[in-house]
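# Got a predicted model here, sequence first, then my questions.
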Amino acid sequence: RTSATTASTVVLDEGDEDEENIVAGDDEQGEGTARVGSDAEISLRIEALKNRDKKEREAQNARLQNHDVHDRVFLEGRCPDMCPELERYQRQEQNRVSMFESCIENGVKRMDPRLAVKEYRKAAADLGMQLSSHLRPLPVLQYTVDYLLTKVVSQYQTLPARRRKAWHTFLWDRFRSIMQDINVQNLRNLGAVEVAERIIRYFIVCGHHMSGLEDYDPHNNETQLSQTMTTLMHMYDDLREQHPTFPNEAEFCAYQVLLGLEATTTVKNILSYPVYVRQSATFKFAMNAYDAFTGCNYARFFRLARRAGPVAVCAMHRHFFDLRFRAMKVLCTGYRAPREANLLDLDYVAGVLGFDDATSVGEFASTLGYTTEDNNLLVMAGQTAVHIPSKAESLALNWQCAWINAEFDSTPIADVVYGGVTPVIPVRPVNDSFDATGRLTQTFDAPSTVVQPRSAAEQAALAAAAAAERTRQEALAAQRQREAEQRQQEAARQQQAAREAAERRAQQDRLAAEQALEARCEAAVDAVVAAVAADLLADGVLRELVAQELAAAVQTEVQAAEVRAVCGEVARDHAHRLQLLEAWAQDVLCEVCDEVVAQEVGRICTNQHCWEGAVAAESQAVLQELIEQETQGAVRQLAEETVAWCRLQLRLAELERLRVRFCLMRAMRHWYEAMRLRRVLRQIPAGPALRSAGATWQQLLRGAQLSSSGTALPASHPHHDNDNDND
């Protein structure tokens, strides 16, 4: 917000000296304009209108809650002006006033409420649903479109170039707001169709007229054009039962085809159009343009563009750059020489590709990297586009065409968009909810809603959705049951594992308790033994017992010493005897070894004779086995050779039978020929004479032919006949 003195005013700067020629409307204040100057008064009115809207919103929400959630409930607009009253005051307070909604008063630009048009508002969760008092009904929407076409669109020809961007931005936003009101109210009638058609024409025409301007982004225009075209096609489909045909459906179906020459859904859209649309001349023209574009027939495409209407040629203009880019590659490929450069006249290229003049062709070719020389395009062997432009560059290179602009010289752009001569639209006064003292006099009316009945298809869809929901709920219940059973099984497994762990811990505790008890018992026994020993030692009994044990130990040690002495003598005697025994054993061992050697030598000799016999027997057995193996191999080979020989003999016999059969067939054929000849000869008078004279078969046949034709048979040489017969 600005300061209090300049919040609702915009002072003209030095560059706006032509503002008075731009704004729409009268400089005189008409009836009901309700112009407010002070910020304090504007703020008070805004607060009062917000309170009224709050009550209306509560009533509207309460009314909507009474409907079923499946009902198609739509609001009915009740705004009598092109712009709601609250929005006018808010925009005036926030200084959001367009130059097309203002008037000049004493060199200061102020909002004229009669010229204000509702802005587009994006849907947001914090804003909530629009109120009925902010929605414009269909008559107001029609008046708004007619006003914009008559008062704003018509200024394009007289508008300075630096103002055209603001001009298009204003119209783009206001037309977008109109389509939003149509969709929120779900208006489906012929009046809404006419409004959508005029808006589409405007976006198509502006696609050409705004191309090439600085700071112009065609994306917003194309997006809104696509959305509006989709809404219009849905309107045609929804109204098909009440209106089988529409006066302009063929025209806009053709526009949809021309706008989507590169789209993949164009063929699908073409097949969905009614029959009377596809048979119309307008649609056939669009199909010819589609065939020329997809087949890269650039000459035919630009010839069709020059014959098209103003809106159709603007729709085709968006594809000029793509087709020209492809056509340049085709021309350079077709006109290039094998080894030297070739020259192509730029005037010819300009006429073929729809350029205004040769200069435009030269700039276009230079941008793509081609070479121009003396009003000619230099075509070299193997040359292609050096620079492939991006999407943004291609949009910048898609310049306006002077021959397209010339079509709008005779017909104003407003008439083209309107679809005829635009009517005279007077500026109407606006509604004012306040009296002269600034007190709110108009309260809100009860919001009105429209419940559209569901069609059979929608009822079937709702029934299918309910059935699907029931199926989903049943599946969810079954899944929950399975999950509950799984949880119960898991809990049982966990309880079983807990019981087993408790049993293991109890068993371990029992073992630990038993071990502790045994340890305590052993400790108690040790303590008792120690106590008894202490008592005995205290009484002297233990000392006596120890003395007796020591005496017994000493006596035992003495006896052990004596025993060790005796044992030493016995050991020495035993060792001497062992030495004698070893000497005797060595002598005996030598004798035994000699005897054993002798016996072993004899045994070895005997075994040698036996081994030689065994070797001979084993060799004979191995030889016999080898002979048997060789014999079996020879027999097997002989058998295989015998089988192969038998097969060969059978095959030879079969061949012999075939040869005999073939000879028999030849004999039968000769016999058949002879019989046929005899039957022929019997029918010929000269036949027996010729045969008796030794004529050959060929001569007989010839005679038969000649006699049947009535010609005399010449005489033949007998030697020749014999030779032929022998042959």
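Noted; the coordinates are in hand. The model shown is predicted, which means the values in this text are computed figures rather than measured ones.
# ok, Pro310 - how many residues close by?
21 (other C-beta atoms under 10 Å). In this view, the C-beta of every residue, glycine as well, is placed from N, C-alpha and C.
# Next, the contact list for it, please.
205, 404, 407-408, 411, 416 (C-beta atoms under 8 Å, 6 or more residues apart in numbering).
# ok now the lengthiest helix in the chain, how far from the chain's centre?
In the chain, taking DSSP state H as the definition, the longest helix is helix 541-682. Its chain's C-alpha centre and that of helix 541-682 lie 76 Å apart, by C-alpha atoms, centre = their mean, to the nearest Å.
# part of a helix, is Ile425?
No. Applying DSSP: H, G, I helix; E, B strand; the rest coil, one finds Ile425 to be coil, outside a helix.
# before we move on, could you check phi and psi at the closest residue to it other than its chain neighbours?
Once flanking residues are discounted, Ile425 sits nearest to Thr150: 4.5 Å by C-beta to C-beta, 6 or more residues apart in numbering. Backbone torsions for Thr150, taken as degrees, to the nearest 10, come to phi -80, psi -40.
# doesn't Pro423 make contact with Thr150?
Yes. Thr150 lies in contact with Pro423 (C-beta atoms under 8 Å); the separation is 7.3 Å.
# Do a quick rundown of the strands in the chain.
Using DSSP state E, the strands of the chain run over residues 10-11, 72-75, 102-105, 108-111, 342-345, 371-372, 376-379, 449-452.
# where does the stretch 251-400 of the chain have low pLDDT?
For the stretch 251-400 of the chain, the stretches flagged by pLDDT under 70 are 337-341, 378, 380-387, 390-397.
# burial count for the residue nearest to Ile425?
Around Thr150 there are 18 residues (other C-beta under 10 Å).
# list the contacts for it?
Taking C-beta under 8 Å, 6+ apart as the contact definition, Thr150 lies against 414, 422-425.
# Put the buried members of these into a ChimeraX selection.
Here is the ChimeraX selection string for the buried members of the contacts of Thr150, based on 16 or more other C-beta atoms under 10 Å:
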select :414,422
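# Give the residue spans of the stretch 51-200 of the chain that score low on pLDDT.
By pLDDT under 70, the low-scoring segments of the stretch 51-200 of the chain are 67-72, 124-128.
# change it to 80
63-74, 104-109, 123-129 (pLDDT under 80).
# in it, which spans are helices?
85-93, 138-147, 164-185, 190-209 (DSSP state H, counting those that start in this stretch).
# Nearest to Phe434, out of those helices?
helix 85-93 (9.0 Å; C-beta to C-beta).
# and that closest one, C-alpha only, in CSV?
The C-alpha trace of helix 85-93 is given here as CSV (Å, rounded to 0.1, in the frame of the first residue of the first chain):
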residue,chain,number,x,y,z
GLU,A,85,-18.0,-4.6,-5.3
LEU,A,86,-15.6,-5.8,-2.6
GLU,A,87,-12.9,-6.5,-5.2
ARG,A,88,-13.3,-3.0,-6.7
TYR,A,89,-12.7,-1.4,-3.3
GLN,A,90,-9.8,-3.7,-2.5
ARG,A,91,-8.0,-3.2,-5.8
GLN,A,92,-8.5,0.6,-5.5
GLU,A,93,-7.1,0.5,-2.0
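# So what's the gap between it and the chain middle?
The answer for helix 85-93 is 47 Å, by C-alpha atoms, centre = their mean.
# Name the residues that touch it?
Contacts for helix 85-93 (C-beta under 8 Å, 6+ apart): 1, 7-8, 36, 39, 42-43, 45-46, 49-50, 53, 97, 111, 113, 116, 118-119, 134, 430-433.
# now, the most widely separated pair of the contacts of Thr150?
Greatest spatial distance among the contacts of Thr150 (C-beta to C-beta): Ala414 and Val424, at 11.9 Å.
# Burial check on Asn269, number of neighbours?
Count around Asn269 with other C-beta under 10 Å applied: 14.
# Pull the contacting residues for the closest residue to it other than its chain neighbours.
If the residues on either side of it in the chain are set aside, Asn269 comes closest to Gln256, at 6.2 Å by C-beta to C-beta, 6+ apart. With contact taken as C-beta under 8 Å, 6+ apart, Gln256 is in contact with 229, 233, 269.
# could the residues you listed go into CSV alongside distance to Leu344?
Compiled in CSV, these are given as follows (distance: C-beta to C-beta, whole Å):
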residue, distance to Leu344
Met229, 39
Met233, 43
Asn269, 38
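# just those now: which is nearest Leu331?
Closest to Leu331, out of all of those and judged by C-beta to C-beta, is Asn269, at 32.0 Å.
# could you pull out the helices for the stretch 251-400 of the chain?
Counting by DSSP H, counting those that start in this stretch, the helices of the stretch 251-400 of the chain are 266-272, 275-278, 281-294, 298-307, 310-317, 320-334, 346-353, 358-368, 391-397.
# With that, I have no additional questions.
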